[in-house]
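J.: When you get a sec, could you give me coordinates for this:
(4 chains)
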Number of protein chains: 2
Amino acid sequence: MRVRCTECPLRTRPAFVPKSEVEIEYINSLKRDHIRVAAGTDIIHPGQEDAEVYTLFAGWAFRYQELPDGRRQILNFLLPGDLIGLQSSLLDPAEHGVEALTAVELCVHPRNRLLQVFGDMPKLAYELTWLGAREQSIVDDNLTTVGQRGAAERVAAFIYTLYRRADVLGLVTKNSFLFPVNQTHIGDALGMSLVHTNKTIARLKRLGFFSIPNGSIVIHDPEGLARFAQYEQDDLAPRPII
Amino acid sequence: MRVRCTECPLRTRPAFVPKSEVEIEYINSLKRDHIRVAAGTDIIHPGQEDAEVYTLFAGWAFRYQELPDGRRQILNFLLPGDLIGLQSSLLDPAEHGVEALTAVELCVHPRNRLLQVFGDMPKLAYELTWLGAREQSIVDDNLTTVGQRGAAERVAAFIYTLYRRADVLGLVTKNSFLFPVNQTHIGDALGMSLVHTNKTIARLKRLGFFSIPNGSIVIHDPEGLARFAQYEQDDLAPRPII
DNA sequence: CGCTTGTTTGATTTGAATCAAACACGGTGG
DNA sequence: CCACCGTGTTTGATTCAAATCAAACAAGCG
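T.: From the prediction side, this is the model:
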């Protein structure tokens, strides 16, 4: 059940920068637990005061924020290797929630050792900050998508970026990957109604960009999708994994 | 012209956490220059490879992102004390630009000493990360605003948050502060057209929430504005200033 | 004075929300 | 085994909010 960081199957992926034995051993000493969480569970509640820091080991999750009247904005989706709760640990209480989209496995790092990491391992602390900056740049992109793109472009950009992120993780085979996101999620992420989300997806399918057969998505034309979305393709740099 | 950090008039403001002599002295040793930039100038160009880290000493700026066809999303506005370019220094090239909204004064910190800070002063590095998390939480809020709120709510939330931020900096006198943002900026920040932005602002003025006499804004009813915007009032925690 | 930059206004069109059902499905319990 | 849910997707009709189009207007400036 508990996976030692030295044997972590994730970190061998090309998406991640290789780390020294010493570093990995230190990270392993940070890891307090390895837990499983069912789909639909909050990993961090909005307003929580004592959120820990997690690394998403397996499965998908998403960050979200809610308005008093119940409207929900999904801020970002989280894939394996992504850090969860850095922001909430620093700025508590957490002003957003994190929910498991699928069943999920998490490496648990105690938040109270965060400051200590900065003293012990400056390089690791630097990488934590780097991961925070990367997360921010994803949200920046989402804001640009929601603020500037029309409905069809939005969906296209959304699908395309998930495709790219899944791809560098090695989750994509023959342009296809497991796609646990439903249309309500997509609507909440893109700031559009469920009905309109559905019709827009249908349109893009009809245009031949992708299809979504039972729980998977197949991207038939990644380049066309990116062009359609006015998406500037940047290469995803390999990132640290804590 | 050059202001020593030990005599920095900004850091005495209640918006900021007090720091020890030693820390301030270290920050001062980091400061390479103090520069002035005219309104409308890019402090960081989109795509720039060697962005430095700055602290905004005086004036307003904003972060933005552009689509290939010229549409612009303003991601966030920056006020005195805010850090500029942390994200761009870590993840270069910068995927966003930063433009001076007014004439601006900046403290320049050389980006190549960033890693060194992590080794020298863990606490300071921690605070850098903290500032990054804070910046992110502002963008999170903006995304929720643009994704979930209607036009009038958006403008209300926008004005209200700027009011709060200006207030803790001591920039507000009798509910009024200098307001260098024009309607094009507001539209680009909120993802709405110029015309509609104008009409929405007019509506809120008519409702008596605020007025904008020559370059200043007066908030007649802050609480009402926050309620109208469905904005959860959280107290702005004092923050570090680097 | 004519220019530019920013604001305001009215008329028209359009994209997206809303309303209202139906449908497809996998699961479950009678 | 089949009727009955619940969750998620799909469809069509209607309304509404926001974009677009087109000007006019105000203020500051060389």
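J.: Please count neighbours and contacts with C-alpha atoms only from this point.
T.: OK.
J.: Need the pLDDT of residue A:1.
T.: Confidence at residue A:1, expressed as pLDDT, is 69.
J.: Would you agree residue A:152 is in contact with residue A:199?
T.: No: Residue A:152 lies out of contact with residue A:199 (CA atoms under 8 Å); the separation is 9.4 Å.
J.: Which one of these two is surrounded by more residues?
T.: With neighbours defined as other CA atoms under 10 Å in any protein chain shown, residue A:152 and residue A:199 compare such that residue A:152 has more, 19 against 13.
J.: Beta-bridge partners for residue A:109, please?
T.: residue A:53 (DSSP bridges).
J.: got the contact list for it?
T.: A:30-33, A:52-55 (CA atoms under 8 Å, 6 or more residues apart in numbering or on different chains).
J.: out of these, which are buried?
T.: For the contacts of residue A:109, a burial check counting by 16 or more other CA atoms under 10 Å in any protein chain shown picks out A:30-31, A:33, A:52-55.
J.: got TSV for the residues you listed, with pLDDT too?
T.: Shown next, in TSV, are the buried ones among the contacts of residue A:109 (pLDDT from 0 to 100):
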residue	pLDDT
A:30	95
A:31	96
A:33	96
A:52	96
A:53	97
A:54	98
A:55	98
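J.: Nearest to residue B:136 among those?
T.: Distance to residue B:136, by CA to CA, is smallest for residue A:53 among these, at 16.5 Å.
J.: Next one: the closest one relative to residue A:114, how far apart?
T.: 9 Å (CA to CA, to the nearest Å).
J.: Next to DNA strand D, which bits of chain A? Give me the list.
T.: A:181-184, A:194-195, A:198-199, A:201-202 (CA under 7 Å from any atom of the strand).
J.: In PyMOL, how would I select just the buried ones from the residues you listed?
T.: The PyMOL selection below is limited to those of the residues of chain A next to DNA strand D classed as buried (16+ other CA under 10 Å):
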select buried, chain A and resi 194+201
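J.: taking the residues of chain A next to DNA strand D one by one, which sit in helices?
T.: A:183-184, A:194-195, A:198-199, A:201-202 (DSSP state H).
J.: quick one: which two of the residues you listed are the most distant?
T.: Farthest pair in those (CA to CA) is A:184 and A:202. Separation: 14.4 Å.
J.: Which of the buried ones among the contacts of residue A:109 sits closest to residue A:69?
T.: Nearest to residue A:69 among those, with distances taken as CA to CA, is residue A:52, at 27.6 Å.
J.: domain parsing for chain A?
T.: When chain A is parsed with automatic domain parsing, its domains come out as A:5-142, A:145-228.
J.: Pipe those domains into TSV and attach distance to residue B:86 per row.
T.: Output for those, formatted as TSV (distance: least, CA to CA, whole Å):
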stretch	distance to residue B:86
domain A:5-142	8
domain A:145-228	22
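J.: Just say helix, strand or coil for residue A:49.
T.: Counting by DSSP: H, G, I helix; E, B strand; the rest coil, the backbone at residue A:49 sits in coil.
J.: can you give me phi and psi for the closest residue to it other than its chain neighbours?
T.: Take residue A:49 and drop its neighbours on the chain: the residue closest to it by CA to CA, 6 or more residues apart in numbering or on different chains is residue A:93, 4.5 Å away. For residue A:93, the backbone dihedrals (degrees, to the nearest 10) come out as phi -70, psi 150.
J.: doesn't residue B:132 make contact with residue A:90?
T.: No: with contact defined as CA under 8 Å, residue A:90 and residue B:132 do not form a contacting pair (9.9 Å).
J.: before we move on, the earlier item: and the domains of chain A: which comes nearest residue B:110?
T.: Closest among those, using CA to CA: domain A:5-142, at 16.0 Å.
J.: Just want the residue of chain A that's nearest DNA strand C.
T.: Using CA to the nearest atom of the strand, the single residue of chain A nearest to DNA strand C is residue A:192, 3.2 Å away.
J.: Output the below-cut-off pLDDT ranges for chain A.
T.: Along chain A, the parts satisfying pLDDT under 70 run over A:1.
J.: Next secondary structure after the helix ranked longest in it?
T.: Determined from DSSP H, the single longest helix within chain A is helix A:122-148. Going down the chain from helix A:122-148, the next helix or strand is helix A:151-168, by DSSP states H and E.
J.: touching DNA strand C at all, that following helix?
T.: Yes: Helix A:151-168 comes into contact with DNA strand C (CA under 7 Å from any atom of the strand), by way of A:151-152.
J.: And for the residue of chain A closest to DNA strand C, the neighbour number?
T.: If we define neighbours as other CA under 10 Å, then residue A:192 has 19 of them.
J.: need the contact list for it.
T.: Per CA under 8 Å, 6+ apart, neighbours of residue A:192: A:151, B:147.
J.: At the contact with DNA strand C, which residues of chain A appear?
T.: So chain A meets DNA strand C at A:150-152, A:191-197 (CA under 7 Å from any atom of the strand).
J.: Closest one to residue A:122 out of those, please.
T.: residue A:191 (39.0 Å).
J.: Who are the contact partners of the closest one?
T.: A:73, A:146, B:146-148.
J.: Select, from those, the two members most distant in space.
T.: Largest separation among the contacts of residue A:191 by CA to CA: A:73 and A:146, giving 10.8 Å.
J.: So for residue B:106, which of the domains of chain A sits nearest?
T.: domain A:5-142 (21.3 Å).
J.: Backbone dihedrals for the most centrally placed residue in chain A, please?
T.: Nearest to the geometric centre of chain A sits residue A:78, at 1.7 Å (CA atoms, centre = their mean). The phi/psi pair for residue A:78 (degrees, to the nearest 10) reads phi -120, psi 130.
J.: can you pull the contacts of residue A:95?
T.: Per CA under 8 Å, 6+ apart, neighbours of residue A:95: A:46-47, A:65, A:88, B:137.
J.: distance of it from residue A:56?
T.: Distance, residue A:95 to residue A:56, using CA to CA: 20 Å.
J.: cool, and residue A:24?
T.: Between residue A:24 and residue A:56 the computed distance is 16 Å (CA to CA).
J.: again with residue A:231
T.: Taken as CA to CA, the span from residue A:231 to residue A:56 is 27 Å.
J.: circling back: and of the buried ones among the contacts of residue A:109, the nearest to residue A:2?
T.: Taking CA to CA as the measure, residue A:2 lies nearest residue A:33 of the buried ones among the contacts of residue A:109, at 7.1 Å.
J.: what's the burial count for the nearest residue to the closest one once chain neighbours are set aside?
T.: Once flanking residues are discounted, residue A:33 sits nearest to residue A:108: 5.0 Å by CA to CA, 6+ apart. Around residue A:108 there are 19 other residues, counting by other CA under 10 Å.
J.: And for the one 5 residues further on?
T.: Residue A:113: 12 surrounding residues under other CA under 10 Å.
J.: so who does it touch?
T.: residue A:30.
J.: May I see the buried residues of stretch A:217-225?
T.: A:217-220, A:222, A:225.
J.: repeat for stretch A:111-128
T.: Neighbour-count burial for stretch A:111-128 flags A:111, A:114-115, A:117-119, A:121-128 (criterion: 16+ other CA under 10 Å).
J.: Off-centre distance for stretch A:64-76?
T.: Centre-to-centre, stretch A:64-76 and its host chain are 17 Å apart (CA atoms, centre = their mean, to the nearest Å).
J.: oh, I was asking about stretch A:192-205
T.: With CA atoms, centre = their mean, you get 22 Å for stretch A:192-205.
J.: Could you export it as PDB, CA atoms only?
T.: The C-alpha coordinates for stretch A:192-205 follow below in PDB (Å, rounded to 0.1, in the frame of the first residue of the first chain):
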ATOM      1  CA  MET A 192     -20.900  28.100 -19.100                       C
ATOM      2  CA  SER A 193     -24.200  26.400 -18.600                       C
ATOM      3  CA  LEU A 194     -24.600  22.600 -18.800                       C
ATOM      4  CA  VAL A 195     -26.800  22.700 -21.800                       C
ATOM      5  CA  HIS A 196     -24.600  25.000 -23.800                       C
ATOM      6  CA  THR A 197     -21.500  23.000 -22.800                       C
ATOM      7  CA  ASN A 198     -23.300  19.900 -24.200                       C
ATOM      8  CA  LYS A 199     -24.200  21.600 -27.500                       C
ATOM      9  CA  THR A 200     -20.700  23.000 -27.900                       C
ATOM     10  CA  ILE A 201     -19.000  19.600 -27.300                       C
ATOM     11  CA  ALA A 202     -21.400  18.100 -29.800                       C
ATOM     12  CA  ARG A 203     -20.400  20.700 -32.300                       C
ATOM     13  CA  LEU A 204     -16.700  20.000 -31.800                       C
ATOM     14  CA  LYS A 205     -17.300  16.300 -32.100                       C
END
